[in-house]
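Predicted structure and sequence below. I'll ask about it afterward.
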There are 2 protein chains.
Amino acid sequence: MSETTDTRRGRPGYDQRAVLDVAVDAFNEYGYDATSMGVLAERLGLSKSAIYHHFAAKEDILELALDEALTALENVLAAANELEAGQPDAPASDRLAAVLRGAVNVLVDKLPSVTLLLRVRGNTDVERRALARRRAFDRAVASLVVEARDEGSLRSDIEPGIVARLLFGMINSIVEWYRPGGPVDAATLADDVLAVALDGLRTPK
Amino acid sequence: MSETTDTRRGRPGYDQRAVLDVAVDAFNEYGYDATSMGVLAERLGLSKSAIYHHFAAKEDILELALDEALTALENVLAAANELEAGQPDAPASDRLAAVLRGAVNVLVDKLPSVTLLLRVRGNTDVERRALARRRAFDRAVASLVVEARDEGSLRSDIEPGIVARLLFGMINSIVEWYRPGGPVDAATLADDVLAVALDGLRTPK
DNA sequence: GTCTATATTGAGATAGAC
DNA sequence: GTCTATCTCAATATAGAC
């Protein structure tokens, strides 16, 4: 323990990470555009100008948060692809399940930044770049769904594009209600999502 | 045909409905807060002040749109309850299915206003009132899920609260990608949603 | 129903001291 | 790393003519 158990160093005042966390929470509560630097300053107990010591612009805060969320999601895909490299004959449905479980874990683990990501509209360059990365992720998942259906693991009576969208619609909606420390833990949640997605809600006969 | 086949009357200029439709589309594209009256005026080909002839304030546009979406959703619940009054011994799962199908239809039918509703954060009184009505709707659906599970129609190994949230997360996500006139029609979409929700994605064995 | 001003507020951001 | 001013611009909304 070379420093302290705290994540901050230096002593008084904030570091960039601490400002980021407070800001992202506020962005998620009010929406990015509706959150003024004034409100941020209030929440931090700082003046507005102090924030500019940590970030050159409001949008830089957004950019850092979005990058964190996107990197985490992209890592889930990368991990699933390594799984394929290790076992070339494993069914695509295994990789798909790994991606879904991984995505739920990222949602829970990086809840604030992923929540922010899912609400981006594309009004600025920063937002459009984030949307492009998100679409690439979505496309990769969609082709996993196609693979799984083609090998016979998933039902073929519904268009795979719709399946992928409904699937991720369900998963992404978790950010609307899941709160860490609540009654549901991440592993149970991932199990429930997989169960509902694969087997549905009807009573197993 | 007493007037014209057009929905507008009066002749030149806009009526409130036409302004509303253009505004809601812009709100959904940029987000409500990020949409200025100036952009609205540009899209309408009007001056900013002309808009104030139709709505006293920007937020009044939002309020009218949210009310439209909420009324349509509440009518779905009311219709399902009348179904119960007519056939008191019908299973709750029938009413639940009616509500889900009805909700998908409302989403498709009133796509712009429902999209707007689903993105409201609660920053103002207007938004908070809308959120309260939406939560009442969600609670009603959640208790339908409980009823359906208690009568044995739905699996009981997952908490009904989570089931209801995942279910509506999937349905609500439709607004993120569904576009009228596209390859998928509303009835097919409702069928697909019900099929995925009830029976899951796995290949039926 | 629409226009051209204009009033007024609040936003993001900067300067420069401590 | 934070502060007190202050700049600048864009936003909502109003006044009053056509």
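Received the coordinates, thanks.

Please tell me how far A:Asp94 sits from A:Ser36.
47 Å (CB to CB, to the nearest Å). Every C-beta, even on glycine, is put in place using the N, C-alpha and C of the backbone.

oh, I was asking about A:Gly102
36 Å.

so A:Leu166 makes contact with B:Asp192?
Yes. Taking contacts as CB atoms under 8 Å, A:Leu166 lies within contact range of B:Asp192: 7.4 Å.

who touches A:Val146 in this structure?
With contacts defined as CB atoms under 8 Å, 6 or more residues apart in numbering or on different chains, A:Val146 is in contact with A:Pro160.

so how far is A:Arg179 from it?
34 Å.

And A:Ala92, by the same measure?
33 Å.

higher neighbour count, the two?
A:Ala92 (20 against 9; other CB atoms under 10 Å in any protein chain shown).

Show me which of A:Gly102 and A:Ser36 is the more surrounded one.
Remark: of A:Gly102 and A:Ser36, A:Gly102 carries more neighbours, 19 against 13, as counted by other CB under 10 Å.

Just confirm that one is within a helix.
Yes. Membership of A:Gly102 in a helix is supported by DSSP: H, G, I helix; E, B strand; the rest coil.

How far off centre is the longest helix along chain A?
Identified as the longest helix of chain A according to DSSP state H is helix A:58-86. From the chain centre to the centre of helix A:58-86 is a distance of 8 Å (CA atoms, centre = their mean, to the nearest Å).

what's that helix packed up against?
Other elements packing on helix A:58-86 under the criterion 3 or more CB pairs under 8 Å, 6 or more residues apart in numbering or on different chains; DSSP states H and E are helix A:16-30, helix A:92-109, helix A:111-118, helix A:125-150.

again, only using 10 Å
When contacts are defined as 3 or more CB pairs under 10 Å, 6 or more residues apart in numbering or on different chains; DSSP states H and E, helix A:58-86 packs onto helix A:16-30, helix A:37-44, helix A:48-54, helix A:92-109, helix A:111-118, helix A:125-150.

and the first one, is it in reach of DNA strand C?
No. Where contact is defined by CB under 7 Å from any atom of the strand, no part of helix A:16-30 touches DNA strand C; the two come within 10.1 Å at best.

which parts of that helix are buried?
A:Val19, A:Leu20, A:Val22, A:Ala23, A:Val24, A:Asp25, A:Ala26, A:Phe27, A:Asn28, A:Tyr30 (16 or more other CB atoms under 10 Å in any protein chain shown).

can you pull the contacts of A:Pro112?
Counting by CB atoms under 10 Å, 6 or more residues apart in numbering or on different chains, A:Pro112 touches A:Leu20, A:Asp21, A:Ala23, A:Val24, A:Asp25, A:Phe27, A:Asn28, A:Ala65, A:Glu68, A:Ala69, A:Val175.

In a markdown table, list those residues along with pLDDT.
What follows is these, written out as a markdown table (pLDDT from 0 to 100):
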| residue | pLDDT |
| --- | --- |
| A:Leu20 | 98 |
| A:Asp21 | 98 |
| A:Ala23 | 98 |
| A:Val24 | 98 |
| A:Asp25 | 98 |
| A:Phe27 | 98 |
| A:Asn28 | 98 |
| A:Ala65 | 98 |
| A:Glu68 | 98 |
| A:Ala69 | 98 |
| A:Val175 | 98 |
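
Among those, find me the one that's closest to B:Ala57.
Relative to B:Ala57, the closest of the contacts of A:Pro112 is A:Phe27; by CB to CB it sits at 24.9 Å.

Okay, the spatially most central residue of chain A and A:Glu84: tell me how far apart.
Geometric centre of chain A, nearest residue: A:Val114, 3.2 Å, by CA atoms, centre = their mean. As defined by CB to CB, A:Val114 lies at a distance of 25 Å from A:Glu84.

Count the neighbours of A:Ala90 for me.
A count of neighbours around A:Ala90, defined by other CB under 10 Å, yields 12.

meant to ask about A:Glu82
Residues contacting A:Glu82 under the criterion other CB under 10 Å number 11.

so which residue of chain A comes closest to DNA strand D?
A:Gly13 (2.1 Å; CB to the nearest atom of the strand).

re the thing from before, contacts with DNA strand D among the buried residues of helix A:16-30, please.
Counting by CB under 7 Å from any atom of the strand, no member of the buried residues of helix A:16-30 is near DNA strand D.

For chain A, what lies in contact range of DNA strand D?
A:10, A:12-15, A:41, A:45-50, A:53-54.

just how off-centre is stretch A:154-167 within its chain?
22 Å.

How about it and chain B, any contact?
Yes. Applying CB under 10 Å from any CB of the partner chain, one finds stretch A:154-167 touching chain B at A:154-167.

Just the ones in helices from those, please.
A:Pro160, A:Gly161, A:Ile162, A:Val163, A:Ala164, A:Arg165, A:Leu166, A:Leu167.

Any chance of a PyMOL selection covering the buried ones in these?
Buried subset of these, written as a PyMOL selection, criterion 16+ other CB under 10 Å:
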select buried, chain A and resi 160+162+163+164+165+166+167
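
Out of the ones in helices among the residues of stretch A:154-167 next to chain B, which is nearest to A:Val141?
A:Ala164 (5.9 Å).

Pretty sure A:Val145 is one of the things that closest one touches, is it not?
Yes. A contact is recorded between A:Ala164 and A:Val145 when judged using CB atoms under 10 Å, the distance being 4.4 Å.

so A:Asp109 touches A:Ala72, yeah?
Yes. Here A:Asp109 reaches A:Ala72: they are 7.1 Å apart, a contact under CB under 10 Å.

quick one: which of these two has more around it?
More crowded of A:Asp109 and A:Ala72, by other CB under 10 Å: A:Ala72, with 19 against 12.
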